[in-house]
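Colleague: sequence-free structure coming up:
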């Protein structure tokens, strides 16, 4: 019996794992975002609906995100740069994993902070050098974690979080992306 | 002489391309996000500072993003799911590219809308099936574009946007991600 309380309902997740092993079709989710161009390189993207467990689902509210380019790219900086959203997703995913694994292992967390840095040679996107890729050169995540656990246990939490992270996988392995005009 | 006005300063971007061809060190950017665990799988990530053109730079304001899991994952839904942030970034990047290429080609845009859908078999992240990956199965982007151009010209805009997109590259090709504990 653990008195650890990180706020993650691990029991429900373990039950979902068992349930979905026998119902793979319910495990097929579709996440969705709809975007609208505003002006220049500024756009607005909305997220609320998604599909999963065999039915349309909804977040409890709509989230709206501005993307733009900074002033040093001769733009208006009405929001973060699109590529920065990948770092936001990576931070959120790995942190959620740390909390979930800690709950499952009976480790009480006090704080979990991370700095995510993505190196980017912008000669790629500008077309200045065809040998430079468009995306990140590499990404580094540095966690600072205060918990009732040894350094080794904390490192093992972070390692297990990576192993199960959707965003870590999406960035470290290729995904097929199809782009069409309606 | 074009009278097209999509709001993109193409002249500055072409000048930057030329300038950075002779100054590759100035093209080395570092994008940065700092996250803090809140409770459960809810975290808050902040973006403001970045490095580029040889110096620390700053967005004109700080942006703050909540990530959480939805109620169907037994969580509190205080923000979108981390993996959804990847779709937000992809929408913003491809839309910025469409606007930039249209400006460069003298095509006036009236509206650019996109729906981005990421298929995700959640048995991977739950550990229900070791043969299922953690990330997206695949992603589909569908653009609806109203512009002073033929269907073929619009399709060519979208194709060129993909070719120069930082986020499209980051999702379709692998990136090395290092995760450490401070």
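Modeller: It's in. Just so it is clear, the structure is predicted and the values come from calculations on it, not from any experiment.
Colleague: could you list the low-pLDDT ranges of chain A?
Modeller: A:1-2 (pLDDT under 70).
Colleague: is the longest helix seen in it anywhere near chain B?
Modeller: Longest helix in chain A, counting residues (DSSP state H): helix A:82-105. Yes - applying C-beta under 8 Å from any C-beta of the partner chain, one finds helix A:82-105 touching chain B at A:82-96, A:98-100. The way it works is simple: take the backbone N, C-alpha and C, and place the C-beta from them, glycine included.
Colleague: could you chop chain A up by domain?
Modeller: Using automatic domain parsing, the domain parsing of chain A gives A:8-69, A:81-174.
Colleague: can you show me the strands along chain A?
Modeller: For chain A, strands defined by DSSP state E occupy the ranges A:28-39, A:42-52, A:55-67, A:109-121, A:138-147, A:176-181.
Colleague: got CSV for the ones you listed, with distance to residue B:113 and mean neighbour count too?
Modeller: Shown next, in CSV, are those (distance: least, C-beta to C-beta, whole Å; neighbours: other C-beta atoms under 10 Å in any protein chain shown):
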stretch, distance to residue B:113, mean neighbour count
strand A:28-39, 5, 20
strand A:42-52, 10, 20
strand A:55-67, 14, 15
strand A:109-121, 27, 21
strand A:138-147, 30, 18
strand A:176-181, 11, 15
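Colleague: contacts only, for the residue nearest to the spatial centre of chain A.
Modeller: Among the residues of chain A, residue A:89 comes closest to the average C-alpha position under C-alpha atoms, centre = their mean, at 2.5 Å. By C-beta atoms under 8 Å, 6 or more residues apart in numbering or on different chains, the residues touching residue A:89 are A:167, B:67, B:82, B:83, B:84, B:85, B:86, B:89.
Colleague: return the distance of stretch A:31-50 from the chain's centre.
Modeller: Stretch A:31-50 has its C-alpha centroid displaced from the chain centroid by 17 Å (C-alpha atoms, centre = their mean, to the nearest Å).
Colleague: my error: substitute stretch A:19-31 in the last question.
Modeller: Relative to its chain's centre, stretch A:19-31 lies at 20 Å (C-alpha atoms, centre = their mean).
Colleague: bridged to residue A:65, which residues?
Modeller: residue A:45 (DSSP bridges).
Colleague: OK, contacts around it?
Modeller: Neighbouring residues of residue A:65 by C-beta under 8 Å, 6+ apart: A:44, A:45, A:46, A:47, A:79, A:85, B:65, B:88, B:92.
Colleague: how about those residues in TSV, adding distance to residue B:4?
Modeller: Formatted as TSV, these follow (distance: C-beta to C-beta, whole Å):
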residue	distance to residue B:4
A:44	22
A:45	24
A:46	27
A:47	31
A:79	24
A:85	28
B:65	34
B:88	28
B:92	22
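Colleague: got the angle between the longest helix of chain A and strand B:42-52?
Modeller: Going by axes from the mean of the first three to the mean of the last three C-alpha atoms, to 10 degrees, helix A:82-105 is angled at 140 degrees with respect to strand B:42-52.
Colleague: ends of stretch A:69-78, what's the gap?
Modeller: 8 Å (C-alpha to C-alpha, to the nearest Å).
Colleague: got the contact list for the spatially closest residue to residue A:92 that is not a sequence neighbour?
Modeller: Nearest in space to residue A:92, with sequence neighbours left out and distances taken as C-beta to C-beta, 6 or more residues apart in numbering or on different chains, is residue B:67 at 2.8 Å. Shown in contact with residue B:67 (C-beta under 8 Å, 6+ apart): A:88-89, A:91-93, A:95-96, B:41-45, B:79-82, B:85.
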